[in-house]
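Enquirer: Provided below are the primary sequence and the corresponding predicted coordinates.
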Amino acid sequence: MTKYDLERYDRQIRISGFGEEGQKRLKGARVLVAGAGGLGFPTSAYLVAAGVGTVKIVDCESVELSILNRQLLHWHGDVGKRKVESACGKLQGINPTVKVEVCFIADFTSTPHFLFLRRLFKATSKPDWNGLERGVSQRPLFKGLNIQLGR
């Protein structure tokens with residue numbers, strides 16, 4: 001851990017049971033965040049702020065004026081840009097020591113992440129939440145996964 005790391009993450013390092021070892025584990029971690037919108041932004045922002053080593057964001061949408069009131073990662077000047085591109089610079093601004101990778105959905109289906117998610121959704125037991133199958137499987141990011149929840 002560098003002097004910078006010790007100062008930046010001082011408050012979380014002080015947490016009992018976490019310490020420097022916990023921070024080292026975070027620094028070595030890789031996380032995939034599906035979406036750069038309403039839930040993906042706070043998730044990715046907190047992961048980056050906490051010092052997770054690599055955060056990869058996948059999304060298939062562009063920034064539209066109608067989302068600016070609820071998706072705080074995207075600003076007026078971002079309208080028309082891909083959400084992943086809009087998110088990347090801002091997340092690097094939160095913590096320049098974290099590697100932020102982005103993947104536009106057109107590229108996502110050919111990545112190992114897509115194959116992993118496809119296997120995961122087929123292999124795991126899923127709860128039968130009312131309407132979840134229809135809602136999740138119709139999202140553009142998940143359409144190619146053939147998600148069948150609750151079966």
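Expert: Happy to help now that I have it. Numbers count the residues shown, from 1 in each chain.
Enquirer: so where's the protein shaky on pLDDT?
Expert: 105-151 (pLDDT under 70).
Enquirer: what ranges do the strands span in the chain?
Expert: Under the criterion DSSP state E, strands of the chain are mapped to 30-34, 54-59, 99-104.
Enquirer: need the winner for burial among those.
Expert: strand 54-59 (a mean of 22; mean count of other CB atoms under 10 Å). Just so you know, the C-beta spots here come from the backbone N, C-alpha and C atoms, and that holds for glycine as well.
Enquirer: I'd like to know which elements that one is packed against.
Expert: strand 30-34, helix 40-50, helix 83-94, strand 99-104, helix 105-108 (3 or more CB pairs under 8 Å, 6 or more residues apart in numbering; DSSP states H and E).
Enquirer: now these as CSV including distance to Met1?
Expert: Output for these, formatted as CSV (distance: least, CB to CB, whole Å):
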stretch, distance to Met1
strand 30-34, 19
helix 40-50, 14
helix 83-94, 19
strand 99-104, 17
helix 105-108, 34
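Enquirer: who wins for proximity to Ile15 among the ones you listed?
Expert: Closest approach to Ile15 among the helices and strands packed on strand 54-59 (CB to CB): helix 40-50, 11.3 Å.
Enquirer: how far away is His76 from Val48?
Expert: If you measure His76 against Val48 using CB to CB, to the nearest Å, the figure is 22 Å.
Enquirer: neighbour count: those two, which is higher?
Expert: Val48 (25 against 8; other CB atoms under 10 Å).
Enquirer: surely the more buried one is in contact with Gly93?
Expert: No. In this structure, Val48 is not within contact of Gly93 by CB atoms under 8 Å, at 9.4 Å.
Enquirer: mind listing what Val102 touches?
Expert: Ala36, Lys56, Ile57, Val58, Asp59, Val84, Glu85, Ala87, Cys88 (CB atoms under 8 Å, 6 or more residues apart in numbering).
Enquirer: nearest residue to it other than its sequence neighbours?
Expert: Distance criterion CB to CB, 6 or more residues apart in numbering; nearest residue to Val102, sequence neighbours excluded, is Val84 at 3.6 Å.
Enquirer: go on, Leu72?
Expert: Phe41 (6.5 Å).
Enquirer: how many residues are close by the one you found?
Expert: Neighbour tally, Phe41, other CB under 10 Å: 23.
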